[in-house]
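Q: coords below, sequence missing:
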(Lines give C-alpha, C1' and ligand atoms only; values in the text may rest on other atoms or scores of the structure.)
Protein backbone atom coordinates (compact mmCIF):
# COMPACT_ATOMS: atom_id res chain seq x y z
CA UNK A 1 0.00 0.00 0.00
CA UNK A 2 1.32 3.42 -0.90
CA UNK A 3 1.04 6.54 1.25
CA UNK A 4 -2.35 8.18 0.58
CA UNK A 5 -2.58 11.83 -0.46
CA UNK A 6 -5.61 12.36 1.77
CA UNK A 7 -7.01 10.62 4.83
CA UNK A 8 -10.73 10.82 5.57
CA UNK A 9 -12.16 10.15 9.03
CA UNK A 10 -15.90 9.54 9.34
CA UNK A 11 -17.43 9.76 12.81
CA UNK A 12 -19.39 6.63 13.62
CA UNK A 13 -19.91 7.44 17.30
CA UNK A 14 -23.09 5.91 18.63
CA UNK A 15 -24.84 7.05 21.80
CA UNK A 16 -28.23 6.23 23.31
CA UNK A 17 -31.15 7.97 21.53
CA UNK A 18 -31.81 10.38 24.41
CA UNK A 19 -28.19 11.45 24.90
CA UNK A 20 -27.97 15.29 24.99
CA UNK A 21 -25.04 15.44 22.53
CA UNK A 22 -26.58 13.09 20.00
CA UNK A 23 -24.27 11.07 17.78
CA UNK A 24 -23.31 10.78 14.14
CA UNK A 25 -24.31 7.12 13.89
CA UNK A 26 -27.42 7.54 16.01
CA UNK A 27 -29.90 9.01 13.55
CA UNK A 28 -27.50 11.14 11.50
CA UNK A 29 -26.61 8.48 8.95
CA UNK A 30 -22.86 8.24 9.32
CA UNK A 31 -22.81 4.48 8.71
CA UNK A 32 -24.50 4.94 5.32
CA UNK A 33 -22.14 7.85 4.63
CA UNK A 34 -19.11 5.70 5.39
CA UNK A 35 -20.42 2.98 3.07
CA UNK A 36 -21.04 5.58 0.32
CA UNK A 37 -17.48 6.93 0.62
CA UNK A 38 -16.05 3.40 0.45
CA UNK A 39 -18.19 2.76 -2.64
CA UNK A 40 -16.83 5.92 -4.30
CA UNK A 41 -13.30 4.84 -3.42
CA UNK A 42 -13.93 1.48 -5.05
CA UNK A 43 -15.65 2.99 -8.11
CA UNK A 44 -12.73 5.36 -8.66
CA UNK A 45 -10.08 2.77 -7.73
CA UNK A 46 -8.62 5.34 -5.33
CA UNK A 47 -7.10 2.93 -2.83
CA UNK A 48 -3.59 4.32 -3.33
CA UNK A 49 -4.56 7.99 -3.03
CA UNK A 50 -7.32 8.11 -0.41
CA UNK A 51 -7.62 6.34 2.94
CA UNK A 52 -11.07 6.23 4.55
CA UNK A 53 -11.33 5.33 8.22
CA UNK A 54 -14.22 5.24 10.64
CA UNK A 55 -13.61 7.06 13.90
CA UNK A 56 -15.09 7.93 17.23
CA UNK A 57 -16.34 11.38 18.12
CA UNK A 58 -14.85 14.26 16.14
CA UNK A 59 -16.38 16.99 18.31
CA UNK A 60 -19.47 18.91 17.18
CA UNK A 61 -21.97 16.04 17.58
CA UNK A 62 -25.07 18.19 17.23
CA UNK A 63 -23.99 19.13 13.69
CA UNK A 64 -23.19 15.59 12.44
CA UNK A 65 -22.58 13.54 10.54
CA UNK A 66 -19.01 14.80 10.72
CA UNK A 67 -16.13 14.08 8.35
CA UNK A 68 -12.52 15.21 8.78
CA UNK A 69 -10.09 15.32 5.85
CA UNK A 70 -6.33 15.50 6.24
CA UNK A 71 -3.77 16.87 5.45
CA UNK A 72 -5.91 20.01 5.01
CA UNK A 73 -7.72 19.50 8.36
CA UNK A 74 -11.10 20.33 6.83
CA UNK A 75 -14.07 19.45 9.01
CA UNK A 76 -17.35 18.83 7.23
CA UNK A 77 -20.62 18.78 9.13
CA UNK A 78 -24.15 17.73 8.29
CA UNK A 79 -22.81 15.31 5.69
CA UNK A 80 -25.07 12.63 4.21
CA UNK A 81 -24.46 9.66 1.95
CA UNK A 82 -25.77 11.79 -0.93
CA UNK A 83 -22.73 14.10 -0.47
CA UNK A 84 -20.12 11.34 -0.88
CA UNK A 85 -19.71 11.66 -4.64
CA UNK A 86 -19.31 15.47 -4.48
CA UNK A 87 -16.77 15.28 -1.64
CA UNK A 88 -14.80 12.65 -3.54
CA UNK A 89 -14.80 14.47 -6.88
CA UNK A 90 -14.23 17.97 -5.54
CA UNK A 91 -12.03 17.60 -2.47
CA UNK A 92 -10.42 14.19 -2.57
CA UNK A 93 -9.55 14.27 -6.27
CA UNK A 94 -9.20 17.98 -7.12
CA UNK A 95 -8.26 19.39 -3.72
CA UNK A 96 -11.24 21.78 -3.58
CA UNK A 97 -13.23 21.50 -0.33
CA UNK A 98 -17.03 21.50 -0.63
CA UNK A 99 -17.74 24.94 0.84
CA UNK A 100 -21.40 24.32 1.70
CA UNK A 101 -20.42 21.47 4.04
CA UNK A 102 -17.34 22.99 5.72
CA UNK A 103 -17.86 23.63 9.43
CA UNK A 104 -17.43 27.30 10.33
CA UNK A 105 -14.43 28.42 12.37
CA UNK A 106 -16.71 28.96 15.38
CA UNK A 107 -17.56 25.25 15.43
CA UNK A 108 -14.07 23.79 15.00
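A: Cool, got the structure. As the structure is a prediction and not an experimental result, all values here were calculated from the model.

Q: quick check: phi and psi on residue 50?
A: Dihedral pair for residue 50: phi -130, psi 130, per degrees, to the nearest 10.

Q: that one: neighbouring residues, count only.
A: By the other C-beta atoms under 10 Å criterion, the neighbourhood of residue 50 contains 20 residues. From N, CA and C alone the C-beta is placed, and that goes for glycine too.

Q: how close does it sit to residue 7?
A: In this view, residue 50 and residue 7 are 8 Å apart by C-beta to C-beta, to the nearest Å.

Q: which residues in this structure form strands?
A: Ranges of strands in the chain, per DSSP state E, are 6-11, 50-55, 67-70, 74-76.

Q: with distance to residue 27 and mean pLDDT as added columns, please give those in a markdown table.
A: Listed next are those as a markdown table, based on distance: least, C-beta to C-beta, whole Å; pLDDT from 0 to 100:
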| stretch | distance to residue 27 | mean pLDDT |
| --- | --- | --- |
| strand 6-11 | 13 | 97 |
| strand 50-55 | 17 | 97 |
| strand 67-70 | 17 | 97 |
| strand 74-76 | 18 | 97 |
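
Q: max-length helix in the protein?
A: When the chain is parsed with DSSP state H, its longest helix is helix 30-43.

Q: need the pLDDT of the closest residue to residue 49 other than its chain neighbours.
A: For residue 49, ignoring the flanking residues on the chain, the nearest one in space by C-beta to C-beta, 6 or more residues apart in numbering is residue 5 at 4.8 Å. Note for residue 5: predicted pLDDT of 96.
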